[in-house]
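1. Give me coordinates for this.
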Amino acid sequence: MQSQDVAPRPSSSPAGPVVDVEQAEAALVEHYPRLVRLAYLVLPPGLGRGRRVLTAHALTQRALPRGKTATPAIPAQSAGPGGDPGYAFVRRQVLRAALEAGLPLRRRGWPKRAQLPPLLPQVWGLRLFPRSGGADELALDQQLSALPAPARAAYALRGLEQLPDGEVRRVLAAAGVADVDAALREADGVPARYGLLTSPEFDPCSLQARPTDLMRRRQHTKAALAAAAAVAVCGALVALPGGGWGPDGAAAPVYAQNPAAEAALDPGRLVRVSPVAWKTASRTDFSVWPARGDLTGDTELLRRALAVWARPGETVRVSATPGTPTGGPAGPPQLLYAGTVDNARVVILHDGLRIARYAEPRDGTTGAALDFARADGASGAEADAVVLGRADGNVRYLTAPWVTATARRDLMKPAEDASELTRTDGVTSPMASPATKTGACTSWNALQVTDDTGTHVLSDLGELVPARLTVGHPGKEREVSGPEALRAWAPYACSLGAVRSQGVRSVNAWAYAEQRLPDGSGSADWVCTRAETWRGGGARVLAQFHTPGGTYGAVAAKAEDVPACGPRDPQVLAGVLWKAQRGTWYLLAAGGKDTASIRTTGGLTASGEGHVLAVRARQGLQAELKGTLDDGREIGGLH
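-> Numbers count the residues shown, from 1 in each chain. Below you'll find the model as predicted:
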């Protein structure tokens, strides 16, 4: 970008609204994540993701007025959220500082404060950067990186702030942009995918932590210690009359190597399984997958993948599902795949606990990505497929050698037949993925696989290992393979979006109750969906309510880290406020078949025998649910 893109600071208009420092501070605290995200989007991409994060926080924290007195705010900045001039003021300060941070340093004159590395915040020994998004977020990030800072600011104000172009012009002019029209024209060159700006890819407040270059840091530390020791020893030798070097004793050599770590980085020691090993194995899991792909003999590619796994560089995008360690392998991992997928070279590795996916562009290594997912204990349908890559909203899978057929199935259209997916060396043709879908949910594509145990349905939830979908009573789950099971999932498919990127292993849907509606319009279904994770804890439970003729199930209650609706405790109780066609409001509640009675307390006191309850209520009512089981045990309602 050129220095003329940012004009000198305009003077504040004394006729505009006045912002008190306390008002500005309140706005900054309330909208801090939004302001930091705005600064992160405007800052120069050349800073690197880690430094952009720290700089965005530093600029936002310096946006308050310096004095204790009130500060004039120009009229063009008075339209913040809810008309808050305090927010408008700090937004202007953040924008101005982020724009100045991209200006080139001049030979003469002092640099602006925003052009200097931030003194605070600082994190020593760690690199902090946002979580990696999908293919759409990556494409948008690359397009924004090609824009000058004023154009990025215009795009962010349109998308994050949802400002019309007239207001964008005033905000940019107040922040010091000289050629506002040029900034808007350049921003028009990037498709208006504003919903992606709210994704974790551009969230500098939701971060991942990785160590800095450990080898370089260790070498620098050793050099510093050696220099200090040399100075001390020289001083001691000068002081001693006839001194000399003493024995090293039991100390190891300074540069001793770790044989296990060296072996883990040797592509020649990668574990490669025979293509027919799975046929005689005692179980079907990732440990008997053969190595496939057209680049399994590319030693340089495999070496790069292993080296990046051990010590990812500053530019590598690293992501991991919750509960997944990201350290290097303890020994030589197993090679599952190495080949060309769309416009990338991809390597899939397995170390017994994790699946690791390394991807780099076909024409270089800039923009390489490293993804991790837990896969310990996976067998059968859970080890039927892994995600090879996502591009342009599509996903490709690598399937297990025992999979005999693959197809795409829309869970929201259970009556439609599944569409066959062709495979080449286990790699499926692309299919639209729901993992990165934004906007209204009108379809939910799932992968249907057939093996020697039957047909299974797997859903891409933005992770390397797709989640297995089942139906039925907890502990007696069955596959989503017949018409009845498919119809059971149809109203609740879109609820899978609530558990994206959470390390989900499987999701079960159980219709635990049916309730006649009090206005005689039919029967409603109560279903609980429970998402189990690879790490054991963190299971998520949704109780959903589906009325006759409705396309979607409404979420009545949800909980996390509870045994409800699971094999340990299949009982579940939930309620919902429902409006009848004639306008009357009711509190409806339902428990499992073992529920003997239900009662409410709080905003409404009522009780009833049996596992369902329907009582008249008022809009906005809040009440607590309690249930008594047939064996006398009491249960509480999900919230």
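2. When you work out contacts or count neighbours from here on, use the C-alpha atoms and nothing else.
-> OK.
3. Identify the residues contacting the nearest residue in space to residue 402 that is not next to it in sequence.
-> In this structure, residue 402 finds its nearest non-sequential neighbour in residue 451, 6.0 Å apart by C-alpha to C-alpha, 6 or more residues apart in numbering. With contacts defined as C-alpha atoms under 8 Å, 6 or more residues apart in numbering, residue 451 is in contact with 402, 403, 404, 405.
4. Quick check: pLDDT value at residue 451.
-> On the pLDDT scale, residue 451 is placed at 92.
5. Beta-bridge partners for it, please?
-> Taking DSSP bridges as the rule, residue 451 bridges to residue 454.
6. For it, give its distance to residue 406.
-> Between residue 451 and residue 406 the computed distance is 9 Å (C-alpha to C-alpha, to the nearest Å).
7. Same question for residue 392.
-> 21 Å.
8. more crowded one of the two?
-> residue 406 (25 against 13; other C-alpha atoms under 10 Å).
9. residue contacts, the more buried one?
-> 420, 421, 422, 423, 428, 447, 448, 449, 450.
10. For the last one, which non-adjacent residue is closest in space?
-> In this case it means residue 450. In space, residue 450 is closest to residue 405, 5.1 Å off (C-alpha to C-alpha, 6+ apart).
11. give the contact list for that neighbour.
-> 420, 421, 449, 450, 451.
12. Most neighbours among these, which one is it?
-> That'd be residue 449 among the contacts of residue 405, by other C-alpha under 10 Å, with 23 neighbours.
13. Three-state assignment for that residue, please.
-> strand (DSSP: H, G, I helix; E, B strand; the rest coil).
14. Please apply the same query to residue 406.
-> Residue 406 ends up strand, using three-state DSSP.
15. can I see the domain layout of this structure?
-> 3-123+130-208, 262-377, 381-570 (automatic domain parsing).
16. hey, what's the residue lying closest to residue 473 once chain neighbours are set aside bridged with?
-> Excluding the flanking residues, the one nearest residue 473 by C-alpha to C-alpha, 6+ apart is residue 510, at 5.7 Å. Beta-bridge partners of residue 510, counted by DSSP bridges, are residue 528.
17. and residue 510, how many neighbours?
-> With other C-alpha under 10 Å as criterion, residue 510 counts 22.
18. how close does it sit to residue 597?
-> 21 Å.
19. go on, residue 639?
-> For residue 639, the distance to residue 597 - C-alpha to C-alpha - is 19 Å.
20. Between those two, which is the more surrounded one?
-> Neighbour count, other C-alpha under 10 Å: between residue 639 and residue 597, residue 597 has more, with 21 against 14.
21. Name the helix or strand for that one, please.
-> For residue 597, the element it lies in under DSSP states H and E is strand 595-602.
22. Equivalent analysis for residue 514, please.
-> strand 504-516.
23. In that strand, which residues are buried?
-> 504-516 (16 or more other C-alpha atoms under 10 Å).
24. go on, stretch 448-461?
-> 448, 449, 450, 451, 455, 456, 457, 458, 459, 460, 461.
25. Distance of the residue nearest to residue 527 when sequence neighbours are not counted relative to residue 591?
-> Leaving aside its sequence neighbours, residue 527 sits nearest to residue 511 (C-alpha to C-alpha, 6+ apart; 4.2 Å). Note on residue 511: its distance to residue 591, by C-alpha to C-alpha, is 11 Å.
26. Out of the buried residues of stretch 448-461, flag the one nearest to residue 175.
-> residue 461 (40.2 Å; C-alpha to C-alpha).
27. Give me the next element, helix or strand, following the strand holding residue 597.
-> Next helix or strand after strand 595-602 toward the C-terminus (DSSP H and E): strand 606-609.
28. and that next one, what does it pack onto?
-> Counting contacts by 3 or more C-alpha pairs under 8 Å, 6 or more residues apart in numbering; DSSP states H and E, strand 606-609 packs against strand 595-602.
29. who are the neighbours of the strand it packs on, in terms of helices and strands?
-> strand 606-609, strand 612-616, strand 623-629.
30. right, and those - which one's nearest residue 287?
-> strand 623-629 (44.5 Å).
31. what pLDDT, on average, does the closest one get?
-> 92.
32. Same question for stretch 193-206.
-> 81.
33. For that stretch, what is the spacing between the initial and final residues?
-> First-to-last residue span, stretch 193-206, C-alpha to C-alpha: 21 Å.
34. Of all the residues in it, which ones are buried?
-> Within stretch 193-206, the residues that count as buried by 16+ other C-alpha under 10 Å are 194, 196, 197, 199, 200, 201, 202, 203, 204, 205.
35. closest to residue 306 among those?
-> residue 201 (24.7 Å).
36. Quick check: the spatially most central residue of the chain vs residue 324, distance?
-> Residue closest to the mean C-alpha point of the chain, counted by C-alpha atoms, centre = their mean, is residue 501 at 5.2 Å. Separation of residue 501 from residue 324 (C-alpha to C-alpha): 12 Å.
37. what does residue 606 give?
-> 46 Å.
38. ok, now residue 386?
-> For residue 386, the distance to residue 324 - C-alpha to C-alpha - is 16 Å.
39. the more surrounded of those two?
-> residue 386 (23 against 18).
40. For the stretch 251-400 of the chain, just list every one of the strands.
-> Per DSSP state E, counting those that start in this stretch, the stretch 251-400 of the chain carries strands over the ranges 317-320, 334-341, 344-350, 354-361, 369-374, 385-391, 394-399.
41. To residue 538, which of those lies closest?
-> Closest among the strands of the stretch 251-400 of the chain, once you apply C-alpha to C-alpha, is strand 369-374, at 13.9 Å.
42. So what does residue 549 look like in phi/psi?
-> phi 80, psi -10 (degrees, to the nearest 10).
43. in this structure, which spans are helices?
-> 21-30, 32-42, 49-61, 85-101, 135-145, 149-159, 165-174, 180-188, 214-239, 259-264, 277-280, 299-310, 483-489 (DSSP state H).
44. Check which helices and strands the last one sits against.
-> Yep, that's helix 483-489 we're talking about. strand 467-471, strand 504-516.
45. okay if I get the ones you listed as CSV plus mean pLDDT?
-> Converted to CSV, the helices and strands packed on helix 483-489 look like this (pLDDT from 0 to 100):
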stretch, mean pLDDT
strand 467-471, 96
strand 504-516, 95
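46. about what we covered before: save the contacts of residue 406 as CSV, and put in distance to residue 338 too.
-> Conversion of the contacts of residue 406 to CSV gives the following (distance: C-alpha to C-alpha, whole Å):
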residue, distance to residue 338
420, 25
421, 21
422, 19
423, 16
428, 15
447, 22
448, 24
449, 22
450, 24
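47. just to revisit the earlier point, any chance of the domains of the chain in CSV, with distance to residue 627 too?
-> Output for the domains of the chain, formatted as CSV (distance: least, C-alpha to C-alpha, whole Å):
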stretch, distance to residue 627
domain 3-123+130-208, 39
domain 262-377, 34
domain 381-570, 13
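48. Which residues lie in contact with residue 376 in this structure?
-> 352, 353, 354, 534.
49. Any of those residues buried? List them.
-> Counted by 16+ other C-alpha under 10 Å, those give 352, 354, 534 as buried.
50. Would you mind listing where the protein has pLDDT under the threshold?
-> 1-20, 65-83, 102, 104-129, 131-135, 207-263 (pLDDT under 70).
51. Look up how far residue 160 lies from residue 179.
-> Where residue 160 is concerned, residue 179 sits at a distance of 21 Å (C-alpha to C-alpha).
52. out of the helices and strands packed on helix 483-489, which comes closest to residue 48?
-> Nearest to residue 48, of those and by C-alpha to C-alpha, is strand 504-516 at 30.8 Å.
53. contact partners of the closest one?
-> 382, 461, 465-474, 477, 488-489, 522-534, 590-593, 611-612.
54. before we move on, what about stretch 274-281?
-> So stretch 274-281 is contacted by 284, 288, 289, 290, 291, 401, 402 (C-alpha under 8 Å, 6+ apart).
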